[in-house]
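A.B. asks: Quick one, what's the 3D model for this:
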Amino acid sequence: MAEEDLKKTVLYDLHLELGAKMVPFAGYEMPVQYPLGVLKEHLFCRQHAGLFDVSHMGQVILRGESVAAALETLVPVDVIGLGVNRQRYGFFTNKSGGIEDDLMIANRGDHLFVVVNAACKDADVARMKAMLEPKGVSVALVEDRSLLALQGPGAEAALAELCPAVAEMAFMDVATVTILGAECWVSRSGYTGEDGYEISVPNGAAVELAKALLADDGVEAIGLGARDSLRLEAGLCLYGHDITSETSPVEAALTWAIQKVRRIGGDRAGGFPGEERVLGEIEGGVAIKRVGLKPEGRAPMREGVQIFAEAEGGTAIGRITSGGFGPTVSGPLAMGYVPSDKAAPGTVLYGEVRGKRMPVHVAKLPFVPAGFKR
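C.D. replies: Below is the predicted model:
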C-alpha cells in the first residue's frame with residue numbers, strides 16, 4: 001500500500017510529537033516504538049502503565065431484538081448468557097471450522113458492542129451485515145470514536161485519577177463513564193496479560209484524554225513493538241499468525257472460550273459455522289496443538305522456523321507462528337504448532353535456524369502470570 005493511501009488515527013500528530021517511529025500496519029500508519037525503545041516500553045508497561053493507540057481496530061454496534069441469538073450463528077461462544085455490562089472473548093468460525101478473526105463481545109443491555117481486528121475489519125463487517133441483517137440486526141461500524149488501551153499494574157490508579165468509578169470495575173466489566181467531560185465506553189480488559197482498560201472515546205476528545213493520561217509519571221506511550229512482545233509473553237494469539245482461517249479453535253488451544261452451552265450436550269450446542277469439525281475435535285482431540293516454546297540460549301526463534309523431533313534427520317513436525325525476545329523473562333520465547341503427542345510441557349524439540357538445529361522446550365502458557373483484577 002502506498003504511503004499516501006495509509007489511514008491515520010486521530011492521535012497521529014501526537015505520536016509524531018512524542019517522537020514515535022511510524023510504520024504501516026493493517027492499512028494505517030501506526031507507532032511501532034517511541035524514543036524509550038521497545039525493551040524499556042515493554043518493561044515500563046509490566047511495572048507501571050502503558051498507553052496504546054488501538055484506534056485502527058474496528059468498533060461495531062449490533063442492534064436488534066434477538067441480537068445475541070443472531071450473533072451465536074457466527075461464533076461458538078455463549079452470547080445469550082453474557083450478563084449486561086459484561087464482555088467476553090470470541091471468534092468467527094468458517095464452514096471448515098477455521099478462525100476468520102477473534103473479537104471481543106460486550107453486552108450493553110440494548111445492544112452488543114464488538115471490537116474486531118484492524119486487518120479483518122472490512123471482512124468482519126461485511127460478514128456480519130450479510131448474515132445478521134436478514135435476521136433483523138443492524139450492523140454499524142463506529143467511525144467517530146477512537147480506542148485507547150491503558151495497560152499495566154498502574155492502570156487503575158492512573159485512570160481513577162480522571163474517573164474514580166473505574167476502580168470498582170472487575171476484569172471484563174464494561175461501563176459508560178464520563179472522563180474529562182466526554183462519554184467513554186470503558187472495559188476492564190486488554191491484550192497484554194496485565195490489568196488495564198480499553199477506552200472508546202469520541203474522536204474530538206481522544207487527544208486530550210491521551211495527553212491527560214501521559215501527564216501521569218506512571219504512564220508512558222507504548223508502540224506496536226512492545227504490544228507484540230507483551231501479548232507473546234501472555235500467551236495470546238495474533239490473528240493471521242497464531243490463528244488463521246485454517247486453524248481450528250481446538251488446535252489453537254482456545255477451547256476455554258467455547259462455553260459448555262455451545263458444546264455437545266449443551267442447550268444450544270452447535271449452530272455456528274464449522275460446528276462439525278470444532279465439536280468433533282473437542283470430543284475426539286486434534287493432531288496438532290498450539291504450545292509455548294522456550295528456545296535454549298539467547299537467540300530468538302521467529303515465525304516460520306521449522307520444528308523437528310530430532311537433532312538430525314527426519315522431516316519437520318511443526319512450525320513457529322510467533323517468536324521473539326521476552327524482556328520480562330529475559331530470554332527468547334515463541335509459540336507454535338506441534339503434534340499433540342509432543343505437546344507436553346518439558347518436551348525437547350529442535351528449531352532449525354539458518355540450517356542449524358537448536359533445542360527448544362515445550363513450555364506452559366502464559367510465560368508471565370496474568371495480572372487481571374478478578
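
A.B. asks: Report the mean per-residue pLDDT for stretch 58-76.
C.D. replies: Averaging pLDDT along stretch 58-76 yields 98.

A.B. asks: Kindly format the C-alpha coordinates of it as CSV.
C.D. replies: Output for stretch 58-76, consisting of C-alpha atoms alone and laid out as CSV, is shown next (Å, rounded to 0.1, in the frame of the first residue of the first chain):
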residue,chain,number,x,y,z
GLY,A,58,-13.0,-2.0,14.4
GLN,A,59,-15.7,-0.9,16.8
VAL,A,60,-19.1,-2.2,15.8
ILE,A,61,-22.6,-1.8,17.3
LEU,A,62,-25.1,-4.6,16.8
ARG,A,63,-28.8,-3.8,17.5
GLY,A,64,-31.9,-6.0,17.2
GLU,A,65,-34.5,-7.8,19.2
SER,A,66,-32.7,-11.2,19.0
VAL,A,67,-29.2,-9.8,18.5
ALA,A,68,-27.4,-12.3,20.9
ALA,A,69,-29.1,-15.3,19.3
ALA,A,70,-28.2,-14.0,15.8
LEU,A,71,-24.6,-13.5,16.7
GLU,A,72,-24.4,-17.0,18.0
THR,A,73,-24.9,-18.2,14.4
LEU,A,74,-21.4,-16.8,13.7
VAL,A,75,-19.5,-17.5,16.9
PRO,A,76,-19.2,-20.7,19.0
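
A.B. asks: For it, buried residues please.
C.D. replies: Across stretch 58-76, burial judged by 16 or more other Cβ atoms under 10 Å covers 58-60, 62, 64, 67-68, 70-72, 74-76. To be clear about C-beta, it is placed using only N, CA and C from the backbone, and glycine gets the same treatment.

A.B. asks: what's the spacing between residue 74 and residue 105?
C.D. replies: Relative to residue 105, residue 74 is positioned 10 Å away (Cβ to Cβ, to the nearest Å).

A.B. asks: Check residue 332 too.
C.D. replies: In this structure, residue 332 and residue 105 are 34 Å apart, going by Cβ to Cβ.

A.B. asks: With residue 215 instead?
C.D. replies: When distances are taken as Cβ to Cβ, residue 215 and residue 105 turn out to be 33 Å apart.

A.B. asks: Over to residue 263?
C.D. replies: With distances taken as Cβ to Cβ, residue 263 is found 18 Å from residue 105.

A.B. asks: More neighbours: those two, which one.
C.D. replies: Neighbour tally, residue 263 and residue 105, criterion other Cβ atoms under 10 Å: the higher count belongs to residue 105, 23 against 18.

A.B. asks: name the element the more buried one belongs to?
C.D. replies: Of the helices and strands defined by DSSP states H and E, residue 105 is found in strand 99-107.

A.B. asks: partners of that strand, with directions?
C.D. replies: Looking at strand 99-107 with DSSP bridges, its paired strands and their directions are strand 86-93 (antiparallel), strand 112-116 (antiparallel).

A.B. asks: what's the distance between the residue lying farthest from the centre of the chain and residue 12?
C.D. replies: The outermost residue of the chain, judged by C-alpha distance from the chain's mean C-alpha position using Cα atoms, centre = their mean, is residue 313 at 36.8 Å. Distance check for residue 313 against residue 12: by Cβ to Cβ, it reads 52 Å.

A.B. asks: got it, and residue 322?
C.D. replies: As for residue 322, its distance to residue 12 is 27 Å (criterion: Cβ to Cβ).

A.B. asks: Quick check: residue 323 is in a helix.
C.D. replies: No: looking at residue 323 with DSSP: H, G, I helix; E, B strand; the rest coil, it is strand, so not inside a helix.

A.B. asks: Dig out what it forms beta bridges with.
C.D. replies: According to DSSP bridges, the partner residues bridging residue 323 are residue 334.

A.B. asks: In this model residue 299 seems to touch it, though I could be wrong.
C.D. replies: No: under the contact definition of Cβ atoms under 8 Å, residue 323 does not touch residue 299, with a separation of 10.2 Å.

A.B. asks: residues contacting residue 39?
C.D. replies: Contact criterion Cβ atoms under 8 Å, 6 or more residues apart in numbering gives 226, 327 as the residues in contact with residue 39.

A.B. asks: mind running it again at 10 Å?
C.D. replies: If you count contacts by Cβ atoms under 10 Å, 6 or more residues apart in numbering, residue 39 has them with 33, 225-226, 229, 325, 327.

A.B. asks: And those residues, which is closest to residue 145?
C.D. replies: Within the contacts of residue 39, the smallest distance to residue 145 is 24.1 Å, found for residue 226 (Cβ to Cβ).

A.B. asks: Distance check, that closest one against residue 210.
C.D. replies: Remark: distance between residue 226 and residue 210 (Cβ to Cβ) = 17 Å.

A.B. asks: The closest residue to residue 191 other than its chain neighbours: how many residues sit nearby?
C.D. replies: Distance criterion Cβ to Cβ, 6 or more residues apart in numbering; nearest residue to residue 191, sequence neighbours excluded, is residue 231 at 5.1 Å. Neighbours of residue 231 under the rule other Cβ under 10 Å: 19.

A.B. asks: you'd agree residue 231 is in a helix?
C.D. replies: Yes: residue state for residue 231 (three-state DSSP) corresponds to a helix.

A.B. asks: ok, now which ones touch it?
C.D. replies: 190-193, 237-238, 242, 322, 366.

A.B. asks: For residue 123, grab phi and psi.
C.D. replies: The phi and psi values for residue 123, taken as degrees, to the nearest 10, are phi -70, psi -40.

A.B. asks: so who does it touch?
C.D. replies: Residue 123 is in contact with 58, 92, 100-101, 116-117, counting by Cβ under 10 Å, 6+ apart.

A.B. asks: please redo it, this time with the cut-off set to 7 Å
C.D. replies: Counting by Cβ atoms under 7 Å, 6 or more residues apart in numbering, residue 123 touches no other residue.

A.B. asks: what about it, distance to residue 112?
C.D. replies: Taking Cβ to Cβ as the criterion, residue 123 is separated from residue 112 by 19 Å.
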